[in-house]
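> Sequence unavailable; structure follows:
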């Protein structure tokens, strides 16, 4: 038993280099161990259940190191970490605490605040907020309430004199936000009184005060020690003061800097201690982002002078040299005190064992961290801790370690929304909120959970999914199920679609507004119809089930109503707040931690990854409700306080024997900025950084990670040379210019038979193919209908046609007006040509074919007219740009001329009517939807019709095209010329196969000296 102390508080600090958990255990065992009882009579107050687990592992290591057979460990009680949503231990929250009201359910509070916000905004005459925005505001309000309650601030404090004095100095939007918050908070507190409840943060404070009174009045017979608790809330600080004064009590703090001189300590600011009676306890100049600030705040609230804190002299199993703590102290000096760096002695800046690693990308950083981990594990008993706030980096490291069969569990977990079950529920909610959009449908149908309980059923299901996916590629179909049914019929998967439609039917046609509880019930039923009970299995499924059940029950009680369109966002916000952590079974010597999980943890090698600004430290989100000046007036620390906690986390991690500080120059979003903490490390090291502290071996090994490969030869310009049999293919009139300008494009499409795979739900109003197909079909349908109804007007017909085809609303809004204006002009031209020149329409959308030098030439004419002299006019409708006469002359736009050759040397045939069209073509026109004379609709000819125009004369027009066609056939179809990629750099045609030809690998050499010819 320790010797009994009777006066003065007992507070210790374990320096960073000693390793908190192991050093704590090394000191507790000899000090509090009793014969036959071990440490069973010792009670440890720890910050969280994770800290208790860390200390348990440290006790196991201690007994193994000393060779003892076993040890009765102390009782560990969590004081409850609000950031981790953890409860107080049973000793602090006993069953008999009936004098303290129960805590309100956090989710019930959130939904009630949502209703109160709506009512208060309506009473103030403010515009109603959308459901998701209102719920997010309610969530922010709940956080602010907890923040004030932890600091023991009541609702009435918002109207105190210091706050009212500051109100005149803040912007109007802050005043509105504070007024709304105060009114909602007051109503919520009144509702709590009616319910006989208190907020969870208030109950926590009451329980702390209850324990403090009980222990002060009747000291417990056995020792109580608070270890690693750094929360500076007033109620907890009072409890820790009592623990420090108990006869067998002590408070042990992590990494309190006892070496910092008094001037630097004073520079940290007020930290909860006013400079004069009744004065402010936080000042604008307080160094909230300093790693020692929250510890100074805790000591001030405990009423402990830093000089009273004693150093803990025991070392842990993985302790570093004492010089490390001195260097860490120098590293984090406040701004004015940092001037001492100029004359800083070597022993106060020495960081032996600390290396800095810079990687080009986040992927390289993850590979490097994985290699460092594997290297360390080659040494027996070496433990590795990877600490990062970047969850994306943590996942990448986990995946890279798996290649060596190293299972490293990420104890920080990942958001429920990113798990299999969470993603699946998110997809179903998107369908319910936004309708059956192609991307969400295909993703939901192909999700791994769908029909996963029956392998044969899933195999058959995926066949239908892939067929449906392939048919959906391209322009987005019109909204609704009818267009999807048509796609399924065209794909010959009607039976599959019947089953698929039955699955999604419960998610469709929801009312504009509905009860949140009903929406969640429908979603759950739909998820089970897709995946049966599999959706609720495993860790993520169980977490999802708990969330849905709790949210549904509380939403039903609160009668929460949402807009259906907000459902997906609301559910995603809720799932983002739930972390799903893996079960046990990972590698015993590797741990991946988030910043919260890493506190108190220690290993032989600690790798701090993602040391970029925005990740470590993460940007402190500004309080949306209370301005910084208002917080200071209330006596509440500002949001920069969390930067100081992140700095303290880094300082603790840097106390390990070996430390790697890692960052990447680019992440998934672009270039990064180094963390402010890392910049201080580099500045402290100065010239020694590149000499001693730069990690070079692992980056040098990265290129050889898989296997050594010789440098690849420069990729040649593709020029495939197929056999004569392979060359014998027909030429489409739209492909001749491609064959002459970029032969490889023709080779890929006509000889290899490749087609580009379109994206799902392509942009419906900017896709020229969509506009072209729609307009061509419309005009063809109208011309055919006019045969039986000569007076049929085009514009009303077109409007009815667009409505019948249910074209996408964006298309109708952006393109239909200009199309109708152009079509009105087209109709006028048709009537005028018929009246003035006797020009009549012979056929529309008619296929033609001819044989030219033994090669089949095919094409489809948009329209063929009979002129008054009996010759033909070929018309091509253009919804996009119109080829110039210069392009026609160079052979880059040969479609119209080839159609004229087919009319004269072959024939056009209409399968529907059996009509044959042949004759000499004497006129060629583009009818486009471009703008001319302030109106849509334009007629252009590719020929030279006047002396002032450029282009090809009529007599030379068809011979010009025949010559180009003959050249192509002689060179490529009947000849042996290779199909060289980008043979003519001036050709601005198709680019569908640029990736296949690996254009970017060789195109640059065309402009270099000695370029390929």
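Yep, it's here. Note that the structure is predicted; figures quoted are calculated from it, not measured. Numbers count the residues shown, from 1 in each chain.

> Which residue ranges of the stretch 501-650 of the chain form strands?
With strands called from DSSP state E, counting those that start in this stretch, the stretch 501-650 of the chain shows them at 513-515, 561-563, 579-580, 590-593, 605-608.

> Which secondary structure elements does the fourth one sit against?
Read it as strand 590-593. Using 3 or more C-beta pairs under 8 Å, 6 or more residues apart in numbering; DSSP states H and E as the contact test, the elements touching strand 590-593 are strand 384-387, helix 391-402. Placement of C-beta: from N, CA and C, glycine included.

> Among these, which comes closest to residue 581?
Among the helices and strands packed on strand 590-593, the nearest to residue 581 by C-beta to C-beta is helix 391-402 (12.1 Å).

> all strands for the stretch 251-400 of the chain, in order.
Using DSSP E, counting those that start in this stretch, the strands of the stretch 251-400 of the chain run over 310-311, 354-359, 384-387.

> Run through who's touching the last one.
Think strand 384-387. Residues from elsewhere that reach strand 384-387 (C-beta atoms under 8 Å, 6 or more residues apart in numbering): 369, 372-373, 376-377, 394, 397, 408, 589-595, 598, 601-609, 649, 653, 656.

> What strands line up against that strand, and which way round?
Using DSSP bridges, the strands paired with strand 384-387 in its sheet are strand 590-593 (parallel), strand 605-608 (parallel).

> again with the shortest one
Taking DSSP bridges as the criterion, strand 310-311 forms sheet pairs with strand 11-14 (parallel).

> which other residues reach the partner strand?
20, 23-24, 244, 250-256, 258, 299, 302, 304, 308-312.

> In the helix or strand just after it, which residues are buried?
Helices and strands here follow DSSP states H and E; after strand 11-14, the next one along the chain is helix 20-32. Buried positions in helix 20-32, judged by neighbour count with 16 or more other C-beta atoms under 10 Å: 20-29, 31-32.

> same deal with stretch 167-177?
The neighbour-count check on stretch 167-177 (16+ other C-beta under 10 Å) flags 167, 170, 174, 177 as buried.

> check contacts around the second one.
The neighbours of residue 170, taking C-beta under 8 Å, 6+ apart as the test, are 627, 629-630.

> Helix or strand for it, just tell me which one.
Using DSSP H and E, no helix or strand contains residue 170.

> Tell me the predicted confidence for it.
As predicted, residue 170 sits at a pLDDT of 83.

> again with the one 10 residues further on
For residue 180, the model assigns a pLDDT of 90.

> How many residues are close by the closest residue to it other than its chain neighbours?
Leaving out its chain neighbours, the residue that sits closest to residue 180 by C-beta to C-beta, 6 or more residues apart in numbering is residue 120, at 5.9 Å. As a burial measure, residue 120 scores 18 neighbours (other C-beta atoms under 10 Å).

> Could you pull up the residues touching residue 120?
Going by C-beta under 8 Å, 6+ apart, residue 120 touches 180, 183-184, 187.

> if we can go back for a sec, for the strands paired with strand 384-387, give me TSV that also has mean neighbour count, mean pLDDT and distance to residue 735.
Formatted as TSV, these follow (neighbours: other C-beta atoms under 10 Å; pLDDT from 0 to 100; distance: least, C-beta to C-beta, whole Å):
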stretch	mean neighbour count	mean pLDDT	distance to residue 735
strand 590-593	25	90	55
strand 605-608	27	95	57
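
> May I see those strands arranged in TSV, with distance to residue 890 as well?
Shown next, in TSV, are those (distance: least, C-beta to C-beta, whole Å):
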stretch	distance to residue 890
strand 590-593	61
strand 605-608	61
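
> So which of the ones you listed is nearest residue 794?
The closest of those to residue 794 is strand 590-593. By C-beta to C-beta, the value is 67.0 Å.

> Please compute how far the closest one lies from its chain's middle.
Distance of strand 590-593 from its chain centroid, counting by C-alpha atoms, centre = their mean, to the nearest Å, is 23 Å.

> same check, this time on stretch 452-471
The chain centroid and the centroid of stretch 452-471 are separated by 28 Å under C-alpha atoms, centre = their mean.

> Nearest spatial neighbour of residue 598, chain-adjacent residues omitted?
Nearest in space to residue 598, with sequence neighbours left out and distances taken as C-beta to C-beta, 6+ apart, is residue 387 at 4.4 Å.

> list the contacts for residue 364?
Neighbour list for residue 364: 664, 699, 702 [criterion: C-beta under 8 Å, 6+ apart].

> Let me see the backbone angles for the last one.
By that I understand residue 702. Here is the backbone geometry of residue 702 (degrees, to the nearest 10): phi -60, psi -40.

> Just the buried residues of stretch 167-177: which are in helices?
Mapping these onto helices (DSSP state H) picks out 167, 174, 177.

> Can you tell me which of these is nearest residue 535?
residue 177 (39.8 Å).

> Would you mind stating the distance between the closest one and residue 641?
Look at residue 177 and residue 641: by C-beta to C-beta, to the nearest Å, they are 20 Å apart.

> and if you look at residue 829?
Going from residue 829 to residue 641 by C-beta to C-beta gives 74 Å.

> Would you mind telling me which of the two has the busier surroundings?
Higher neighbour count among residue 829 and residue 641: residue 641, with 19 against 14, using other C-beta under 10 Å.

> In this model residue 294 seems to touch the more buried one, though I could be wrong.
Yes: using C-beta atoms under 8 Å, residue 641 makes contact with residue 294 at a distance of 6.6 Å.

> ok, which stretches of the stretch 201-350 of the chain are helices?
Here the stretch 201-350 of the chain has its helices, by DSSP state H, counting those that start in this stretch, at 234-245, 262-267, 293-302, 322-331.

> Including distance to residue 682 and mean neighbour count, could the ones you listed go into JSON lines?
Below are the helices of the stretch 201-350 of the chain laid out as JSON lines (distance: least, C-beta to C-beta, whole Å; neighbours: other C-beta atoms under 10 Å):
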{"stretch": "helix 234-245", "distance to residue 682": "36", "mean neighbour count": "23"}
{"stretch": "helix 262-267", "distance to residue 682": "21", "mean neighbour count": "15"}
{"stretch": "helix 293-302", "distance to residue 682": "23", "mean neighbour count": "24"}
{"stretch": "helix 322-331", "distance to residue 682": "10", "mean neighbour count": "22"}
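
> hmm, back to that, dump the buried residues of helix 20-32 to TSV, plus distance to residue 72.
Output for those, formatted as TSV (distance: C-beta to C-beta, whole Å):
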residue	distance to residue 72
20	22
21	18
22	19
23	21
24	17
25	14
26	17
27	17
28	12
29	11
31	15
32	11
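
> what's the most distant pair in the residues you listed?
Largest separation among the buried residues of helix 20-32 by C-beta to C-beta: 20 and 32, giving 17.1 Å.

> where does this structure have its least confident helix or strand?
Lowest on mean pLDDT, DSSP states H and E among the helices and strands of the chain sits helix 809-814, with a mean of 70.

> so after it, what's the next helix or strand?
Later in the chain than helix 809-814, the nearest helix or strand by DSSP H and E is helix 816-837.

> helices or strands up against that next one?
On a contact count with 3+ C-beta pairs under 8 Å, 6+ apart, helix 816-837 meets helix 768-786, helix 794-805, strand 921-932, strand 935-940.
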